[in-house]
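K.L.:
model the following, please.
(chains A and B)
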Amino acid sequence: MDPKKILLAIDDSDSALRAVDYVARLIGDSPGFQVTIIHVIEDPSEDYFETEEQRRHYLAGQEEETRALLGKTRATLEAAGLAPERIAYKAPVKTCDSMAACILSEQEDEGFGTLVVGRRGLSKAEEFLFGSISNRIIHYARNCTVWVVV
Amino acid sequence: MTSSEQAVELARAYLSRENLNYDVAHVVTDTSEFFDIGRGDLLLLPCGAYLIRGNEREGRFGLDDEVKHWVKRAVDLADDSRKVVKLVFHERYVNKIGPFTYECFRSPRKEARILDLVTGHPHFMQGISVEDPKGNNVRVIDYVYGPTLHHHVSILDLDHETYFQQALPGLLHELRQALAALAFLHRHGEKHGDIRRDHLIRTPDERLVWIDFDYNYRHGERLAGLDLVGVGNVLTFVVGGGDQTLHDLRRNRPEVFERLRVEDMSPVFSNRVMNLKKLFPYLPDRLNRILLHFSAGAEVFYDTVDELLADLDEARPDLN
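P.N.:
Alright, predicted model coming up:
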């Protein structure tokens, strides 16, 4: 796997912003890097909505927020010197068990050599209750390098 | 299908047999306005005719509290069997667990789906779901007779060592079967959603049966996370023969209280002791280690109920 082919997983958290800043500062205008920004849109269980119309409305809102987030991330990377043609987007709607599974599926399918995520620093109890995306990624990632930005 | 007139006749015959001094009120087919459906109403559904006898109550931990207007006590007029009829009620709210919050929602669709999945399973309540003429999902559920697990353990009235020797091995065996049933749900991508010791009914043939699975929650990275927290609570309740809280220990066993550390407690409920061996030294290590996986001192939490079951199977030979 090419380590310069980077998958940068983001959400709207501060830790994701730190991960974006880190990648921007580290890579800057260095040649040979390709960064794909991924933001997985959470699709709550069908049970969450009373009607399919509500679900569509919710997802449309999420997609709009995602576009804004991806645009902001792209701007940060471009400002650091990364050429626009070396930045790509992905915004899959979650269809797997977890965010981590979705991210790892993209990493594996597209052969990204480096995966970058932020870490929110959950308490033990929060991790017990809700799980941690970065921990799952560390645990289950194969054939790539994982950078966890705290 | 029973006609409206036939159903009214059947209902009146039932009321007479049971010496109930009220008459059939309304014949109902559209269940949209569940507040308007009450005692004496006759519910006609594609699956049968049901005489409504009243609303269910929440009844959490043996205390009668709020009326659940969307859940009706009913009688199936085909065979006089007792049913619970659950009507469509969507609600979404932020629930609190310890100091944490999460988004929770009630879903008739989820419960209907699980009822289909667990048809014939001895450790889940049984029932069917149908749609009324307006497309409302109605679940008709067989009433599960028996005390809740909470009630069953609470009335045993044994000192803990006697409880440990006489009651716990059998109870753990029963609980193991119920937990295996829960693992079955998780393997199918479902969760119970509201694991509590009063959502397990102990039937006269000594089976623990899960009831009420219409809750769902946004589960983040751990589908079974909140279910597992509930499992930890149920398990410590059963092993401890009741709740073991700091408050009670400070008052009743101050020498034990003084020896407790933060890591002995639940990471979620800071007043709940998980390291029960500090209270009951005769608990086998292997059993106590399972409880420690639910404690603040745990290095690793259980990711699945199956992992817990494997440990429980290893621990059970240590009990009588």
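K.L.:
the longest helix anywhere in chain A: which residues count as buried?
P.N.:
For chain A, the helix reaching the highest residue count under DSSP state H is reported as helix A:52-79. Under the neighbour-count criterion of 16 or more other C-beta atoms under 10 Å in any protein chain shown, helix A:52-79 has A:55, A:58-59, A:62, A:66, A:69-70, A:73-74, A:76-77 buried. C-beta coordinates here come from the backbone N, C-alpha and C atoms, glycine included.
K.L.:
and stretch A:111-124, by the same measure?
P.N.:
Neighbour-count burial for stretch A:111-124, counted by 16+ other C-beta under 10 Å, picks out A:112-120, A:122, A:124.
K.L.:
with stretch B:288-303 instead?
P.N.:
In stretch B:288-303, counting by 16+ other C-beta under 10 Å, buried: B:288, B:290-296, B:298, B:301-303.
K.L.:
and what of stretch A:92-107?
P.N.:
Result for stretch A:92-107 [16+ other C-beta under 10 Å]: buried residues A:98-104, A:106-107.
K.L.:
show me where chain B has its helices.
P.N.:
Counting by DSSP H, chain B has helices at residues B:4-17, B:108-117, B:149-154, B:160-166, B:168-187, B:225-240, B:246-252, B:254-259, B:285-292, B:305-315.
K.L.:
just name the most buried of the ones you listed.
P.N.:
Among those, the stretch with the highest mean neighbour count (mean count of other C-beta atoms under 10 Å in any protein chain shown) is helix B:225-240, at a mean of 23.
K.L.:
ok and that helix relative to helix B:305-315, angle-wise?
P.N.:
Put simply, helix B:225-240 runs at 20 degrees to helix B:305-315, going by axes from the mean of the first three to the mean of the last three C-alpha atoms, to 10 degrees.
K.L.:
if you look at helix B:225-240, does any of it touch chain A?
P.N.:
Yes: using C-beta under 8 Å from any C-beta of the partner chain, helix B:225-240 reaches chain A at B:225-226, B:228-229.
K.L.:
just checking, what packs against that helix?
P.N.:
In terms of contact count using 3 or more C-beta pairs under 8 Å, 6 or more residues apart in numbering or on different chains; DSSP states H and E, helix B:225-240 is assigned the packing partners helix A:124-130, helix B:149-154, helix B:168-187, helix B:285-292, helix B:305-315.
K.L.:
wait, B:Asp198 touches B:Thr148, no?
P.N.:
Yes: counting by C-beta atoms under 8 Å, B:Asp198 does reach B:Thr148; the two are 4.1 Å apart.
K.L.:
picking that back up, the buried residues of stretch A:111-124: which ones sit near chain B?
P.N.:
Contacts with chain B within these, counted by C-beta under 8 Å from any C-beta: A:Lys124.
K.L.:
quick check: the farthest pair among the buried residues of stretch A:111-124?
P.N.:
Across those, the longest distance by C-beta to C-beta is 31.8 Å; it joins A:Gly113 and A:Lys124.
K.L.:
now tell me what touches stretch B:311-320 from outside.
P.N.:
By C-beta atoms under 8 Å, 6 or more residues apart in numbering or on different chains, the residues outside stretch B:311-320 that reach it are B:165, B:168-169, B:172-173, B:176, B:179, B:284-287, B:289-290, B:293.
K.L.:
in a markdown table: the residues you listed, plus distance to chain A and pLDDT.
P.N.:
Formatted as a markdown table, the contacts of stretch B:311-320 follow (distance: C-beta to the nearest C-beta, whole Å; pLDDT from 0 to 100):
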| residue | distance to chain A | pLDDT |
| --- | --- | --- |
| B:Gln165 | 32 | 96 |
| B:Leu168 | 25 | 97 |
| B:Pro169 | 28 | 96 |
| B:Leu172 | 23 | 97 |
| B:His173 | 27 | 96 |
| B:Arg176 | 22 | 98 |
| B:Leu179 | 18 | 98 |
| B:Pro284 | 24 | 97 |
| B:Asp285 | 22 | 97 |
| B:Arg286 | 21 | 97 |
| B:Leu287 | 20 | 98 |
| B:Arg289 | 17 | 97 |
| B:Ile290 | 15 | 98 |
| B:His293 | 10 | 96 |
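K.L.:
can I get the helices of chain B in JSON lines with distance to B:Val24?
P.N.:
Shown next, in JSON lines, are these (distance: least, C-beta to C-beta, whole Å):
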{"stretch": "helix B:4-17", "distance to B:Val24": "5"}
{"stretch": "helix B:108-117", "distance to B:Val24": "26"}
{"stretch": "helix B:149-154", "distance to B:Val24": "34"}
{"stretch": "helix B:160-166", "distance to B:Val24": "49"}
{"stretch": "helix B:168-187", "distance to B:Val24": "38"}
{"stretch": "helix B:225-240", "distance to B:Val24": "41"}
{"stretch": "helix B:246-252", "distance to B:Val24": "51"}
{"stretch": "helix B:254-259", "distance to B:Val24": "59"}
{"stretch": "helix B:285-292", "distance to B:Val24": "53"}
{"stretch": "helix B:305-315", "distance to B:Val24": "46"}
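K.L.:
what's near enough to touch A:Met99?
P.N.:
Neighbouring residues of A:Met99 by C-beta under 8 Å, 6+ apart: A:11, A:40, A:42, A:133, B:221.
K.L.:
what about A:Val20, how many residues nearby?
P.N.:
Using other C-beta atoms under 10 Å in any protein chain shown, A:Val20 is surrounded by 25 other residues.
K.L.:
test my guess that it contacts A:Asp11.
P.N.:
No: using C-beta under 8 Å, A:Val20 is not in contact with A:Asp11; the gap is 10.8 Å.
K.L.:
who's in contact with the residue in chain A that chain B sits nearest to?
P.N.:
With C-beta to the nearest C-beta, the shortest gap between chain A and chain B falls at A:Gly131, namely 2.8 Å. For A:Gly131, the contact set (C-beta under 8 Å, 6+ apart) comprises A:98, B:220-222, B:225.
K.L.:
which residues of chain A lie near chain B?
P.N.:
Residues of chain A found near chain B (C-beta under 8 Å from any C-beta) are A:44-48, A:50, A:97-100, A:123-133, A:136.
K.L.:
wait, what's in contact with the closest residue to B:Arg82 other than its chain neighbours?
P.N.:
Nearest non-adjacent residue to B:Arg82, counting by C-beta to C-beta, 6 or more residues apart in numbering or on different chains: B:Tyr143, 3.9 Å away. Counting by C-beta under 8 Å, 6+ apart, B:Tyr143 touches B:81-84.
K.L.:
in the sheet, who's paired with B:Arg202?
P.N.:
B:Leu208 (DSSP bridges).
K.L.:
B:Val130 now?
P.N.:
With DSSP bridges as the rule, B:Val130 is bridged to B:Val138.
K.L.:
quick one: contacts for it?
P.N.:
B:45-47, B:137-138, B:140.
K.L.:
can you rerun that using 10 Å?
P.N.:
Contacts for B:Val130 (C-beta atoms under 10 Å, 6 or more residues apart in numbering or on different chains) come out as B:45-48, B:112, B:136-140.
K.L.:
ok, it to B:Val85 distance?
P.N.:
Distance of B:Val130 to B:Val85, computed by C-beta to C-beta, to the nearest Å: 10 Å.
K.L.:
just want the most central residue of chain A.
P.N.:
A:Ala9 (1.8 Å; C-alpha atoms, centre = their mean).
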